[in-house]
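K.L.:
generate coordinates for the sequence data below:
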Amino acid sequence: MPASPDILDIDAAAAAHLHALAGPDAVFREGQLEAIRDLVADRARVLCVQRTGWGKSAVYFVATALLRSDPTHPSGPTLIVSPLLALMRNQIAAAERLGIRARTINSTNVGEWRDVQEALARDEVDLLLISPERLNHPRFRDEMLPLFAQAIGLLVVDEAHCVSDWGHDFRPDYRRIRDMIGRLPAGVAVLGTTATANDRVVADVTEQLAAGDERALRVYRGPLGRSSLRLEVCELPSQAARLAWLVQVLPTLEGSGIVYTLTKRDADQVAAFLSEHGVPAAAYSGDQPSDERIVIEDRLLRDDLKAVVATSALGMGYDKADLRFVVHFQAPGSVIAYYQQVGRAGRGVEHADVVLLRGREDRRIQDFFIEQAFPRREHVDRVLEALSSGDGATVPQLQSLVNLGRGRLEAMLKILEVEGAVAKDGTRWRTTGADWVYDAERYAQITALRRAEQAAMAALGADGRCLMRALQEELDDPDPADCGRCSVCTAPRYDVEPDPALVAAATRTLRSRPLTLDPKKMAPDRETGAMKKLPVDVLVEEGRALARAGDDGWDPLIRAGLDGGRVSDELVQALADLVRDWRPDVGWVAAVPSRREGDPVSDVAARVAAALGLPFAPVVSRADPARPPQSRMRNAAQQAENVRGAFAVGGDVPAGGCLLVDDLRQSGWTLAMVGGQLRRRGAPAVYPLALRSSF
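P.N.:
Numbers count the residues shown, from 1 in each chain. Reported below is the predicted structural model:
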């Protein structure tokens, strides 16, 4: 059947816009034009599940241009809910190539909100990009969203897998999108896009995007295989070996790329080691200021860096067409997240290398993220009980009642707020009185899914399957196939033995950077949880730690020594050398006595004292051995309370400053409060020294 005149007009106009966006030789990929027709001609609801690089953004840009210029039924502006600022910057630049007037509202441009609001009122905005967190911002919800919702022509939910709590990157703020979709006026098109959604996530997202519309959601789901990527997995448990491998191999790879780490700490460490060995690199994480991240992104775009060493913050939305490699310093927790990250490479080139370096710490870090995903019932019950009486409570007040870190507590409150159980009024939280139930069964099911995803990630490269096929199968690609390119289909290319000299250099680097321990200057009030200044006469000095827990430098030797009851002479010498380089004004050494049999902490403190030619004074004792380990305490209020009264200082306190030795600096409260007791007993200064620190 020939196409109708309207469809022919749409096709011709769409092609013209595509050429303006991507060049005169650009042609639509399978599904792109069909999705545009659905949005423009039928004002339908559409979900595109397509591989990275397929061109999902072209669909909503071209549809926006057509909807805004429709002579018979002109539409209001497009609203794009996008999870990352990097994506927003790229999208605005692309929109300008089509003559689309694009603006953004995010946490970095609050000063521009009023200007954007006035431009919307004058219909001078064709496309507005917001982060999902804006949907939870009272000012945005009250002042700007109603204005925009009345005139919206197309709603785009980018990275739509975030809508589903079954997805690998679920974000609570995305749940508000379903409420927004349900209130849309008739005739408003909706588009969801993602590259990382398996069958379960697609079903969940489909249900949410279809809310309030009797018509069936139209789904375009394409093959996920990436012919430009060559995948390989290398087993290198040691961090030192992986650092050496990076220095040895990255210079042999063409172009520039991304090295992914699981933590900011590792990103900083890897980038520093690469730079020191002549490989231009920069660390990138969500903790950096926005302008600093922009500079790093631009340097990578210009190939001014060989590699950006990044956490997952440099993931969805970053677009460098000629990115030639992606290397993982550690394995992410799921094959789905892995596919998302490797999708940054090979978008506009015929070949890109993808290498996964497995480490012995992968499982430990993955476990942490899985175990932190959902709040425990007892924590939720205590919070709701505290909020249901009187005037509610602030976050610091809740921390004195619930053993959760501030970040986890605030994440739990956000989930409860999105689900309607609590509401925020200024700095105080209150219950809403809604009929809310803790959904233990759903949380358990999702946690079990995360464990299954973790197991699938561990099997990648170890079960004999083609690596690309394994990714496709985990994402429920309808037509998975062997790629013929990966190290399983052909042969390993990068599974090389790292240069022993580089491994030794990496080991020295991991061992040569003692950590600075900032002193506590504030402490939580026992009744209100509010932080108050500590008296000057109990403050301790800046301290040091020999190693970071989990690193491959000194930490394995420290753990082995403590578990065996006595640390090695090599470690004692390293601690003494650290103190000599540090030069604290100390005249004697004390220890925080260990729970372990034989008290290896007092033993190492005494040996360090002997190596430094200082006296050791065993003046600190455990006054309440039944206290739970400090590692179980999750926030400052709980940590400080757990230490109060747990230790005593007895006997004669020697003259001069004290070097106070502990095995692990975790919360910092043990060293701070024991040090405070020593100060009150006459020590003019206390300098904490930990064998290792957890952060």
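K.L.:
now L18, nearest residue through space, not along the chain?
P.N.:
Distance criterion Cβ to Cβ, 6 or more residues apart in numbering; nearest residue to L18, sequence neighbours excluded, is A26 at 5.1 Å. Every residue, glycine included, has its C-beta placed from N, CA and C.
K.L.:
and D353, by the same measure?
P.N.:
Nearest non-adjacent residue to D353 (Cβ to Cβ, 6+ apart): F325, at 4.5 Å.
K.L.:
what about the one you found, neighbour count?
P.N.:
Neighbourhood size, F325 [other Cβ atoms under 10 Å]: 26.
K.L.:
that older thread, please look at the residue nearest to L18 and H17 and confirm they touch.
P.N.:
No - look at A26 against H17 with Cβ atoms under 8 Å: they stay out of range, at 10.1 Å.
K.L.:
who's more crowded, the two?
P.N.:
More neighbours sit around H17 than around the other of A26 and H17, counting by other Cβ under 10 Å; the figures are 23 against 14.
K.L.:
which element is that one on?
P.N.:
With the criterion set as DSSP states H and E, the secondary-structure element containing H17 is helix 5-22.
K.L.:
who does the residue nearest to D353 bridge with?
P.N.:
G257, D353 (DSSP bridges).
K.L.:
dump the residue contacts of it.
P.N.:
When contacts are counted by Cβ atoms under 8 Å, 6 or more residues apart in numbering, F325 is found next to L250, L253, E254, G255, S256, G257, I258, A345, A352, D353, V354, V355.
K.L.:
then V661?
P.N.:
Taking Cβ under 8 Å, 6+ apart as the definition of contact, the neighbours of V661 are V589, A590, A591, V592, V601, V604, A605, V608, L689, A690, L691.
K.L.:
what do you get for D552?
P.N.:
S238, Q239, A240, T507, L510.
K.L.:
any idea how far the spatially closest residue to it that is not a sequence neighbour lies from V326?
P.N.:
Leaving out its chain neighbours, the residue that sits closest to D552 by Cβ to Cβ, 6+ apart is Q239, at 3.8 Å. Summarising the geometry, the distance separating Q239 from V326, computed by Cβ to Cβ, to the nearest Å, is 19 Å.
K.L.:
for V380, same thing?
P.N.:
Using Cβ to Cβ, one gets 38 Å for the distance from V380 to V326.
K.L.:
sitting in strands, which of the contacts of V661 do you find?
P.N.:
Filtering these for membership in strands, criterion DSSP state E, returns V589, A590, A591, L689, A690, L691.
K.L.:
quick one, helices of the stretch 251-400 of the chain?
P.N.:
Listed in chain order, the helices found in the stretch 251-400 of the chain under DSSP state H, counting those that start in this stretch are 264-276, 290-301, 335-342, 362-371, 377-387, 395-399.
K.L.:
so what touches the second one?
P.N.:
Read that as helix 290-301. Around helix 290-301, the neighbours that count as contacts under Cβ under 8 Å, 6+ apart are 85-86, 89, 108, 256, 258, 282, 284, 288, 305, 308, 313-314, 318, 320, 323.
K.L.:
which residues does G598 contact?
P.N.:
G565, R566.
K.L.:
touching, F329 and R265? I think so.
P.N.:
No - counting by Cβ under 8 Å, F329 sits too far from R265 to count as a contact (11.5 Å).
K.L.:
between these two, who's got more neighbours?
P.N.:
F329 (25 against 16).
K.L.:
how many neighbouring residues does the residue lying closest to the more buried one once chain neighbours are set aside have?
P.N.:
Nearest non-adjacent residue to F329, counting by Cβ to Cβ, 6+ apart: T261, 4.7 Å away. A count of nearby residues for T261, using other Cβ under 10 Å, gives 25.
K.L.:
buried residues in stretch 16-34, which are they?
P.N.:
Residues of stretch 16-34 classed as buried: H17, L18, A20, L21, A22, F28, G31, Q32, L33 (neighbour count, 16 or more other Cβ atoms under 10 Å).
K.L.:
downstream of the lengthiest helix in the chain, the next helix or strand is which one?
P.N.:
Among the elements of the chain assigned as helix by DSSP state H, the one spanning the most residues is helix 440-459. For helix 440-459, the succeeding helix or strand toward the C-terminus, using DSSP H and E, is helix 467-474.
K.L.:
for the residue nearest to D552, grab phi and psi.
P.N.:
Q239 adopts backbone torsions of phi -60, psi -40, taken as degrees, to the nearest 10.
K.L.:
and the furthest pair within the ones in strands among the contacts of V661?
P.N.:
When those are compared pair by pair using Cβ to Cβ, the two farthest from each other are A590 and L691, 14.8 Å apart.
K.L.:
okay, domains of this structure per the record?
P.N.:
5-221, 229-367+447-508, 373-435, 513-693 (automatic domain parsing).
K.L.:
okay, now the unreliable bits of the stretch 301-450 of the chain?
P.N.:
315-317 (pLDDT under 70).
K.L.:
go on, the stretch 501-650 of the chain?
P.N.:
Under the criterion of pLDDT under 70, the regions of the stretch 501-650 of the chain flagged as low confidence span 529, 634.
K.L.:
still on that earlier bit, ok, the residue nearest to D552 - contacts?
P.N.:
Listed by Cβ under 8 Å, 6+ apart, the contact partners of Q239 are G359, E361, A506, L510, D551, D552.
K.L.:
what's in contact with the longest helix of the chain?
P.N.:
165-166, 168, 200, 331-336, 338, 363, 366, 370, 373-374, 377, 470, 474.
K.L.:
would you state the helices of the stretch 1-150 of the chain in chain order?
P.N.:
Here the stretch 1-150 of the chain has its helices, by DSSP H, counting those that start in this stretch, at 5-22, 32-41, 56-69, 85-97, 113-121, 138-139, 145-151.
K.L.:
mean confidence for the longest one?
P.N.:
Think helix 5-22. For helix 5-22, the per-residue pLDDT values average out at 82.
K.L.:
alpha carbons only: can I get that helix in PDB?
P.N.:
Provided in PDB are the C-alpha atoms of helix 5-22 (Å, rounded to 0.1, in the frame of the first residue of the first chain):
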ATOM      1  CA  PRO A   5       0.500  12.100   1.600                       C
ATOM      2  CA  ASP A   6       0.800  13.000   5.300                       C
ATOM      3  CA  ILE A   7       3.300  10.200   5.800                       C
ATOM      4  CA  LEU A   8       5.200  11.200   2.600                       C
ATOM      5  CA  ASP A   9       5.400  14.700   3.900                       C
ATOM      6  CA  ILE A  10       6.700  13.500   7.300                       C
ATOM      7  CA  ASP A  11       9.200  11.200   5.700                       C
ATOM      8  CA  ALA A  12      10.600  14.000   3.500                       C
ATOM      9  CA  ALA A  13      10.800  16.500   6.300                       C
ATOM     10  CA  ALA A  14      12.300  14.000   8.700                       C
ATOM     11  CA  ALA A  15      15.000  13.200   6.100                       C
ATOM     12  CA  ALA A  16      15.900  16.900   5.700                       C
ATOM     13  CA  HIS A  17      16.200  17.200   9.500                       C
ATOM     14  CA  LEU A  18      18.300  14.100   9.700                       C
ATOM     15  CA  HIS A  19      20.700  15.600   7.200                       C
ATOM     16  CA  ALA A  20      21.000  18.800   9.200                       C
ATOM     17  CA  LEU A  21      21.700  16.800  12.300                       C
ATOM     18  CA  ALA A  22      24.100  14.100  11.000                       C
END
